[in-house]
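Undergrad: below is the structure, and that's it, no one-letter string:
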C-alpha cells in the first residue's frame, strides 16, 4: 500500500492533496488549507457577504462548515478513509463580514475505528467557536495503489 | 409591544418575515422557508454542485447549515431575539447531488432564557441527520414598535 | 435464536430481565424499571441523601446515571448487545432531596449498528433534563440459545 | 469580598474546600480531590462493586459522575458560583472493578457567564472517556464575606 511507504507527514500531505482536489465545497467557500500533519489540520476562511445576515453577522452554519472541513482533513491524515459521524459546536463570539477565521484541528483520541477531534476557530486572539468532531474510519486507504 | 397584539401563529410568521429578509446566507444556499409556527419551522434545500465533493456526496457543513437555519427560525418564532449558543449533530446517511432535504425544527424545552430545539433532516423517508440546538434569548423583541 | 421466537414486546421484556439481574449499579441507586418495549424504557428513581449536596440539590451525575440506565434498557430492547458510545445532556431544572424522577427513553434513529435515543427526565410536570444517547450495537444476541 | 484578597491558587483551594465539605455525593462514591487550581481540578475514584454490572464493567453513569465532579470543581475555582448547564461525554474504553480512574479537568474557554471545560478520564495510560462540560456562572461569590 502506498500509505506504508510514506512517513506520517508526507502521508498526511498526500491525503490532503487528494481530498482537496475533490472538495468543491471548501473551495467555493474560499477556504485555504494552511497546514496538515498527522492528526492535525489548519484551514482559514474569510467571512464574505454571502455568509452574513443584514447586520453583518456570520451565519453559524458557515463557522460549523469551516470547522467541519478542518476536522475532515485532520481525521483523514493517517491514510484511511474516515467520515464524520457527528459533532458538537459551541459558539462563543460572533464573526463579522471581513473577519479572517482560522480553524485548528487536532486529534484527541483514537480507539479502534472511532476518533475524537477538537477544532478551535479563532479570529486573531479571540476564540469564536469550540468544535468536537466524532469520526468513524471506513477501513480502506485514501491513496490508491501505485501502478 | 407589537408582539402582544398578535396571536402566536401570526407572531411566528411576522418574525420569520423580518428574519428572512435579512438572512442572505440561507437565501444564497437556495433554502425555502416552508412553514413556521410557535416553536417550529420547516425549511427545504436542494443539494447543488457547490455543496458536494468529487464523489457527489454533500459536505456535512451544508447539512448542518440547513438544520441551523431551521433551528434559528423556530427559536425566534416567539417574538424575542434568540441566538444559538451551540448545537450537536449526528449524521446518519449521506446526501447526494440533487437530493431535496427537508429540515423540521421543533421546540423541546424552554427554561428561562435557555431553550432546546431538535431538528430532523430528511430526504424523502430517509433520515439524513439529527440535530439538537441550544438557544439563548437576548430578551429584546424582534418586531419593532408600531409607529 | 431465542430472539426470533419472541414478539418484539416479549423480547424487550426478556432482554430487560436479563440485564436487570446483572445491573447492580441501577439497583444500588434504588432505580425501578417501570416499563420496557421495542426501543423504549421508563425508569424511576427517588433522590436520596447520598445524591445531594449540602443545599439538598442533586448532583448532576446521578441524573445522568438515571438517564443513561433508561437509554441502556431502550437500546438493548431489540435483542442485540448494544453499548453507549456517548451522550449529551442538558440540565434544565435542579432536582432535590425526595424528588421522584421519571426517565423516559425512546428510539430516535437506527442506522446500521448506530442508534440515537432521547431520554427526558421529569419530576411531575417539570422537565429536569434532556439527554441524547449514541449507541453502538456489538452484533451478538442478549439472550442465549435455548437448550 | 474575600475573593479579592486571595491569589488565584489560594482562591481555588478555598472554594474547593467549601464545596467539598458539602458534596456528599462525591464523598459517598469515594472520590478524592487531588489538586485544584485556577480553571483546573483532578479527582480520582476507584471502581467498586456497586458501580459494576454482572460482568464487572462500570456503569457509564459513574464515569460521567466522576467527570462531572471534576468539571464542577474546575469551573467554581475562580470564586463565583457556577453550575453545569450540560455536558457531552464519549466513552472510549470500558472501566472495570478495581480500576483507579483519574479525571483531569481544564478550562477551554470563558465568555461572559458561559464557559467550556474539558475533562479526560484515564486509567493509567488508557483514556476511558472524553467529557466536555458547559458552565453558567450565577454571578455571586462562593466564599462569604469575612466577618
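TA: On my side now, so go ahead. Bear in mind the structure is a predicted one, so any value in this text is a computation, not a measurement.
Undergrad: report pLDDT for residue A:44.
TA: At residue A:44, the model reports a pLDDT of 98.
Undergrad: residue contacts, it?
TA: By Cβ atoms under 8 Å, 6 or more residues apart in numbering or on different chains, the contact list for residue A:44 reads A:31-32, A:34, A:100-103. (Each C-beta comes from the backbone N, C-alpha and C, glycine too.)
Undergrad: for it, give the beta-bridge partners.
TA: On the basis of DSSP bridges, residue A:44 is bridged to residue A:32, residue A:102.
Undergrad: which parts of the helix or strand containing residue A:136 are buried?
TA: Applying DSSP states H and E as the criterion places residue A:136 in strand A:126-141. Using 16 or more other Cβ atoms under 10 Å in any protein chain shown as the test for burial, strand A:126-141 gives A:127-137.
Undergrad: elements contacting it?
TA: helix A:60-75, strand A:80-91, strand A:100-111, strand A:114-123, strand D:100-111, strand D:126-141 (3 or more Cβ pairs under 8 Å, 6 or more residues apart in numbering or on different chains; DSSP states H and E).
Undergrad: what's the most buried one of these?
TA: Mean neighbours per residue, mean count of other Cβ atoms under 10 Å in any protein chain shown, is largest over the helices and strands packed on strand A:126-141 for helix A:60-75, with a mean of 28.
Undergrad: is it in proximity to chain B?
TA: Yes: residues of helix A:60-75 contacting chain B under Cβ under 8 Å from any Cβ of the partner chain: A:60-62, A:64-66, A:68-69.
Undergrad: what's the most distant pair in these?
TA: Farthest apart among the residues of helix A:60-75 next to chain B by Cβ to Cβ are A:60 and A:69. That separation is 15.0 Å.
Undergrad: quick one on the thing from earlier: ok, the strand holding residue A:136: who's next to it in the sheet?
TA: Strands that pair with strand A:126-141, judged by DSSP bridges, come out as strand A:80-91 (antiparallel), strand A:114-123 (antiparallel).
Undergrad: so which of the ones you listed is nearest residue B:96?
TA: Closest to residue B:96 of these is strand A:80-91 (Cβ to Cβ; 14.1 Å).
Undergrad: next, the angle helix A:60-75 makes with that closest one.
TA: Orientation check (axes from the mean of the first three to the mean of the last three Cα atoms, to 10 degrees): strand A:80-91 against helix A:60-75 gives 140 degrees.
Undergrad: the helix or strand of chain A with the lowest mean pLDDT packs against which elements?
TA: None of the helices or strands of chain A scores lower by mean pLDDT, DSSP states H and E than helix A:24-28, at a mean of 91. With contacts taken as 3+ Cβ pairs under 8 Å, 6+ apart, helix A:24-28 sits against helix A:60-75.
Undergrad: format the strands paired with strand A:126-141 as JSON lines; extra columns: mean pLDDT.
TA: Shown next, in JSON lines, are the strands paired with strand A:126-141 (pLDDT from 0 to 100):
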{"stretch": "strand A:80-91", "mean pLDDT": "96"}
{"stretch": "strand A:114-123", "mean pLDDT": "98"}
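Undergrad: quick one: contacts of stretch A:14-22?
TA: A:2, A:6, A:26-27, A:33, A:36, A:41, A:72-73, A:76-79, A:142-143, B:53-55.
Undergrad: a helix runs through residue A:78, doesn't it?
TA: No: in this structure, residue A:78 is coil, not part of a helix, as judged by DSSP: H, G, I helix; E, B strand; the rest coil.
Undergrad: residues near the nearest residue to it once chain neighbours are set aside, how many?
TA: Spatial nearest neighbour of residue A:78, chain neighbours left out: residue A:38 (6.3 Å); criterion: Cβ to Cβ, 6 or more residues apart in numbering or on different chains. Close neighbours of residue A:38, defined as other Cβ atoms under 10 Å in any protein chain shown, add up to 14.
Undergrad: circling back to that earlier point, just the mean pLDDT for the strand holding residue A:136, thanks.
TA: 96.
Undergrad: any idea how far it is from the chain center?
TA: The chain centroid and the centroid of strand A:126-141 are separated by 7 Å under Cα atoms, centre = their mean, to the nearest Å.
Undergrad: just want the angle from that strand to strand D:100-111.
TA: 130 degrees.
Undergrad: tell me, how many residues neighbour residue A:49?
TA: The burial count for residue A:49: 11, using other Cβ under 10 Å.
Undergrad: look up how far residue A:68 lies from it.
TA: 22 Å (Cβ to Cβ, to the nearest Å).
Undergrad: now residue A:79
TA: 20 Å.
Undergrad: equivalent analysis for residue A:122, please.
TA: In this view, residue A:122 and residue A:68 are 16 Å apart by Cβ to Cβ.
Undergrad: equivalent analysis for residue A:18, please.
TA: Per Cβ to Cβ, residue A:18 is found 18 Å from residue A:68.
Undergrad: next: residue A:126.
TA: Taking Cβ to Cβ, one finds residue A:126 at 20 Å from residue A:68.
Undergrad: go on, residue A:135?
TA: Taking Cβ to Cβ, one finds residue A:135 at 11 Å from residue A:68.
Undergrad: check residue A:105 too.
TA: Residue A:105 is 10 Å from residue A:68, by Cβ to Cβ.
Undergrad: overlap in contacts, the two.
TA: Shared between the contact lists of residue A:105 and residue A:68 (criterion: Cβ under 8 Å, 6+ apart) are residues residue A:133.
Undergrad: mind listing what the residue nearest to the spatial centre of chain A touches?
TA: Closest to where the C-alpha atoms of chain A average out (Cα atoms, centre = their mean) is residue A:70, at 1.1 Å. Residues in contact with residue A:70 (Cβ under 8 Å, 6+ apart) are A:41-43, A:103-105, A:119.
Undergrad: got a pLDDT number for it?
TA: For residue A:70, the model assigns a pLDDT of 97.
Undergrad: same deal with the one 4 residues further on?
TA: Per-residue confidence (pLDDT) for residue A:74: 97.
Undergrad: cool, residue A:147 as well?
TA: 40.
Undergrad: kindly report the same for residue A:3.
TA: Here, the pLDDT recorded for residue A:3 equals 60.
Undergrad: can you put the helices and strands packed on strand A:126-141 in JSON lines and add distance to residue D:94?
TA: Formatted as JSON lines, these follow (distance: least, Cβ to Cβ, whole Å):
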{"stretch": "helix A:60-75", "distance to residue D:94": "23"}
{"stretch": "strand A:80-91", "distance to residue D:94": "20"}
{"stretch": "strand A:100-111", "distance to residue D:94": "11"}
{"stretch": "strand A:114-123", "distance to residue D:94": "14"}
{"stretch": "strand D:100-111", "distance to residue D:94": "11"}
{"stretch": "strand D:126-141", "distance to residue D:94": "8"}
